[in-house]
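K.L.:
Sequence and predicted structure, then a few things I'm wondering about:
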Amino acid sequence: MALSNNVIAAISFVAMLLSIPIIGAGIWLATEPDNSCVKILQWPVIILGMLILKVAIAGFVGAFWRIPWLLIIYLIGMLILIILLACLTIFIYMVTVRGSGHLAPSRAYLEYRLDDFSALASPEGSKFV
């Protein structure tokens with residue numbers, strides 16, 4: 001049992017370290033020029049990073065000091081975060097699936113705007129309604 005607690009503590013510690021760049025990315029988005037994607041994403045990214053940090057701290061403390069109720073909170077919190085990240089991935093796919101990206105100057109990738117997205121206007125619109 002001690003080995004599994006050490007593994008959970010190590011994974012939680014890595015999650016704590018990885019949440020810091022997520023929070024930093026949200027703060028960086030807040031300093032960028034305003035467009036629709038930045039306005040929508042800056043606070044959710046910061047909140048997601050903070051939630052990952054809090055859940056990882058609960059998992060680390062629960063595993064390190066063997067507190068079962070903290071480990072239960074950690075497992076439920078991670079399940080909720082995984083579901084939220086899956087929803088975010090589906091949302092990003094829905095916005096970019098039509099391929100309506102615009103060329104951005106000096107960028108190797110296409111720029112997408114939320115104004116171009118409409119579930120009703122897409123050829124597959126009936127699937128999303």
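P.N.:
Perfect, thanks for sending it. Numbering: from 1, shown residues only.
K.L.:
How about the residue nearest to the spatial centre of the chain, nearest residue that isn't a chain neighbour?
P.N.:
With distances taken as Cα atoms, centre = their mean, residue 85 lies nearest the centre of the chain, 4.9 Å away. Closest residue to residue 85 apart from its sequence neighbours, by Cβ to Cβ, 6 or more residues apart in numbering: residue 48 at 7.9 Å. Backbone N, C-alpha and C define where each C-beta goes, glycine included.
K.L.:
Tell me if the one you found really is in a helix.
P.N.:
Yes: counting by DSSP: H, G, I helix; E, B strand; the rest coil, residue 48 is found in a helix.
K.L.:
Tell me which residues touch it, please.
P.N.:
When contacts are counted by Cβ atoms under 8 Å, 6 or more residues apart in numbering, residue 48 touches 22, 26, 81, 84, 85.
K.L.:
Low-confidence bits of the chain, can you list those?
P.N.:
By pLDDT under 70, the low-scoring segments of the chain are 1, 36-37, 95-96, 98-100, 114-129.
K.L.:
please redo it, this time with the cut-off set to 80
P.N.:
Of all residues in the chain, those with pLDDT under 80 make up the ranges 1-2, 32-41, 92, 95-104, 106-129.
K.L.:
Just the helices from it, written as ranges.
P.N.:
Ranges of helices in the chain, per DSSP state H, are 2-31, 36-64, 68-96, 125-128.
K.L.:
Let's have the ones you listed in JSON lines, adding distance to residue 102.
P.N.:
Shown next, in JSON lines, are these (distance: least, Cβ to Cβ, whole Å):
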{"stretch": "helix 2-31", "distance to residue 102": "19"}
{"stretch": "helix 36-64", "distance to residue 102": "12"}
{"stretch": "helix 68-96", "distance to residue 102": "12"}
{"stretch": "helix 125-128", "distance to residue 102": "21"}
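K.L.:
so how far is residue 74 from residue 20?
P.N.:
Distance, residue 20 to residue 74, by Cβ to Cβ, to the nearest Å: 18 Å.
K.L.:
Settle it for me: which of those two has more neighbours?
P.N.:
The neighbour comparison of residue 20 against residue 74 (other Cβ atoms under 10 Å) goes to residue 74, with 25 against 12.
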